[in-house]
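Enquirer: any chance you could fold what I've pasted below:
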Amino acid sequence: MSTTRKWSRALLAAVTALSIGATAACASGTPQEASEVTELTIILANSTFTESLPALAEKYKAETGVTVNVEAYGNEQLNDTLKVKLNAQSDEFDIFGYQVQDVMREFVRNGWLTDLTGYVEGSGDWDWQDFQEPARDAVQLDGKVYGVPVATERHIMYYRADLLKAAGIAVPTTIDELEAAAKALNDPDKGFYGIAMRGARVPLVTQFSSFLYSYGGEFQDESGASTVNTPEAIQAYETYGRLLHNYGPPGATNMGWVEASAIFAQGNAAFYLDADSQAYTFLDPEKSAVVDQVGYARFPAGPAGSRPYNIVFQTLGINSYSTKQDAAFEFIKWVLNKENAKALLADSTLPVARTSAWQDSSATAKFPEGLVSIVRDVDSNYVGHDRPQLEAVARAREFVGGPAVTAIEGGDTAAVTAAAEQASIDFQSLLDSEAR
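Expert: Take a look at the predicted model:
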């Protein structure tokens, strides 16, 4: 646990006020005009995007004369580094990558992220509206923009196209159709299962989220109240659990994405529902036995329609203590402009957040056609988060994943309802502690 999390709420409020006040008058002195800046530093986690940055930085220097230093870390090391340096009000770096759902709320509360609302809304033909709507929503808090989305991933349905065709089963478009197809193709006596998904208590939460939204539920409402015990949530829990209990592999409650995806990749499941970022696992002949059989479809619809997550897994923000904020945004604007977004999609297969890039057939040439069609169809029904929205999100996932485990283990409606009621009590306690 970081030092800031151990402090009292009163002291945190005081520190936050000081931090915000320091934004305009950073430790190093007066903010610099963009035209005065000759050097910027960006720190972020290792990724495909990070690997592309040095070449882009050289191009930017050739065009502008500004040197961009790139520092890369592992995810945990990055978060630790950011918290130490930002808590010390360091201006050693200007731009940083971060994971929206894990740290944005904490960083905003501490005054560490620059409000970019004016920057993005005043960016003209750079076109902020070109970024996927769920991605734009995901980087906002209380109506303010705190980052620019780099790349996104969304929940999709992978399926065995050959088996569906042989059985005369249409690709499911609803959760009810998915359940019927999984039942029809399930053959556990031969080690073949109708469906594979994450079933472990914490890892399953992100994938359960799309079921929850598609049943008309949410983790919490706008007032800060838990909603994981509503009739909609209980239906979603029961459905998720029933699919795995009746048609999933044994030991599902011990499975994260690694174990569940391996079952599909080995040719031992008809359906697999998870993030589209895993698509290339199934297309690698060294890892997959279903290279020529895998199909892709949008997450199936529930009573509230098809409402899967579309999350931002990498975001660029600006250090509130940097004296070079204008220049920092100029680089972010350049590196994520339409031209570069298309190049990142085409050359690095980075699933960029810009809609226009996905509309370019030359940029999407390396992606499976079925997957491209799904991403092109991202709309306002997609949800920009895949977990509860609070600082103590890791702890919250332990609570809200419980009812799904109860259902996977075969619990009836009464048992799932009781588990949901207890999860709601525990989750509400976390929400209340952060509201104080």
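
Enquirer: next, the closest residue to Leu283 other than its chain neighbours: secondary structure please.
Expert: Taking Cβ to Cβ, 6 or more residues apart in numbering, and ignoring the residues beside it in sequence, Leu283 has Val291 as its nearest neighbour in space, at 5.7 Å. Every residue, glycine included, has its C-beta placed from N, CA and C. Put simply, Val291 is coil when judged by DSSP: H, G, I helix; E, B strand; the rest coil.

Enquirer: who's in contact with Val291?
Expert: 282-285 (Cβ atoms under 8 Å, 6 or more residues apart in numbering).

Enquirer: surely Val202 touches Phe399?
Expert: No. Using Cβ atoms under 8 Å, Val202 makes no contact with Phe399, being 9.9 Å away.

Enquirer: these two: which has the busier surroundings?
Expert: Phe399 (24 against 19; other Cβ atoms under 10 Å).

Enquirer: just confirm that one is within a helix.
Expert: Yes. Under three-state DSSP, Phe399 falls within a helix.

Enquirer: ok, it - contacts?
Expert: Here Phe399 is in contact with 423, 426-427, 430 (Cβ under 8 Å, 6+ apart).

Enquirer: got TSV for the residues you listed, with secondary structure, distance to Thr30 and pLDDT too?
Expert: Output for the contacts of Phe399, formatted as TSV (DSSP: H, G, I helix; E, B strand; the rest coil; distance: Cβ to Cβ, whole Å; pLDDT from 0 to 100):
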residue	secondary structure	distance to Thr30	pLDDT
Ala423	helix	51	98
Asp426	helix	48	98
Phe427	helix	45	98
Leu430	helix	41	97
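
Enquirer: out of those, which is most surrounded?
Expert: Of those, with other Cβ under 10 Å as the count, Phe427 tops at 27 neighbours.

Enquirer: quick one, what contacts Glu218?
Expert: 212, 227.

Enquirer: again with Val405
Expert: 199, 201, 204, 241, 253, 419.

Enquirer: out of the contacts of Val291, which are buried?
Expert: 282-283 (16 or more other Cβ atoms under 10 Å).

Enquirer: any chance of JSON lines for the contacts of Val291, columns distance to Leu40?
Expert: Formatted as JSON lines, these follow (distance: Cβ to Cβ, whole Å):
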{"residue": "Phe282", "distance to Leu40": "39"}
{"residue": "Leu283", "distance to Leu40": "37"}
{"residue": "Asp284", "distance to Leu40": "37"}
{"residue": "Pro285", "distance to Leu40": "42"}
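
Enquirer: excluding chain neighbours, what is closest to Leu82?
Expert: Leaving out its chain neighbours, the residue that sits closest to Leu82 by Cβ to Cβ, 6+ apart is Phe96, at 6.0 Å.

Enquirer: what helix or strand does the one you found sit in?
Expert: Assigned by DSSP states H and E, Phe96 belongs to strand 95-98.

Enquirer: as TSV, the contacts of Phe399 with distance to Val405 would be great.
Expert: Below are the contacts of Phe399 laid out as TSV (distance: Cβ to Cβ, whole Å):
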residue	distance to Val405
Ala423	10
Asp426	14
Phe427	15
Leu430	19
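
Enquirer: which residue ranges of the stretch 151-300 of the chain form helices?
Expert: Shown for the stretch 151-300 of the chain, the helices assigned by DSSP state H, counting those that start in this stretch span residues 161-167, 175-185, 204-214, 231-247, 257-265.

Enquirer: most tightly packed of these?
Expert: The highest mean neighbour count among these, using mean count of other Cβ atoms under 10 Å, belongs to helix 204-214: a mean of 26.

Enquirer: and that helix, what does it pack against?
Expert: Helices and strands touching helix 204-214, by 3 or more Cβ pairs under 8 Å, 6 or more residues apart in numbering; DSSP states H and E, are strand 148-160, helix 231-247, strand 269-275, helix 402-408.

Enquirer: okay, the ones you listed in CSV with mean pLDDT next?
Expert: Converted to CSV, the helices and strands packed on helix 204-214 look like this (pLDDT from 0 to 100):
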stretch, mean pLDDT
strand 148-160, 98
helix 231-247, 98
strand 269-275, 98
helix 402-408, 98
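
Enquirer: check which strands are paired with the helix or strand containing Asn310 and give the direction for each one.
Expert: Per DSSP H and E, Asn310 falls inside strand 310-318. Paired strands of strand 310-318, with direction, are strand 95-98 (antiparallel), strand 148-160 (antiparallel) (DSSP bridges).

Enquirer: could you point out which element follows that strand?
Expert: By DSSP H and E, the next helix or strand past strand 310-318 is helix 325-335.

Enquirer: show me what that following helix is packed against.
Expert: Looks like helix 325-335 contacts strand 39-45, helix 48-64, strand 95-98, strand 310-318 (3+ Cβ pairs under 8 Å, 6+ apart).

Enquirer: give the contact list for the spatially closest residue to Glu63 that is not a sequence neighbour.
Expert: Residue nearest to Glu63 in three dimensions, not counting chain neighbours: Trp334, with 7.9 Å by Cβ to Cβ, 6+ apart. By Cβ under 8 Å, 6+ apart, the contact set of Trp334 is 60, 63-64, 340.

Enquirer: among those, who's most crowded?
Expert: Tyr60 (20 neighbours).

Enquirer: ok, now which ones touch it?
Expert: Tyr60 makes contact with 66, 68, 331, 334-335 under the criterion Cβ under 8 Å, 6+ apart.

Enquirer: select only the buried ones of those residues in ChimeraX?
Expert: Only the buried entries of these go into this ChimeraX selection, using 16+ other Cβ under 10 Å:
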select :66,68,331,334,335
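
Enquirer: centre of the chain to the strand holding Phe96, how far?
Expert: Remark: strand 95-98 is offset 15 Å from the chain centroid, using Cα atoms, centre = their mean, to the nearest Å.

Enquirer: average model confidence for it?
Expert: Strand 95-98 comes out with an average pLDDT of 97.

Enquirer: nearest spatial neighbour of the residue nearest the centre of the chain, chain-adjacent residues omitted?
Expert: Central residue of the chain (Cα atoms, centre = their mean): Ile311, 3.3 Å from the mean position. Nearest non-adjacent residue to Ile311, counting by Cβ to Cβ, 6+ apart: Asp386, 5.1 Å away.
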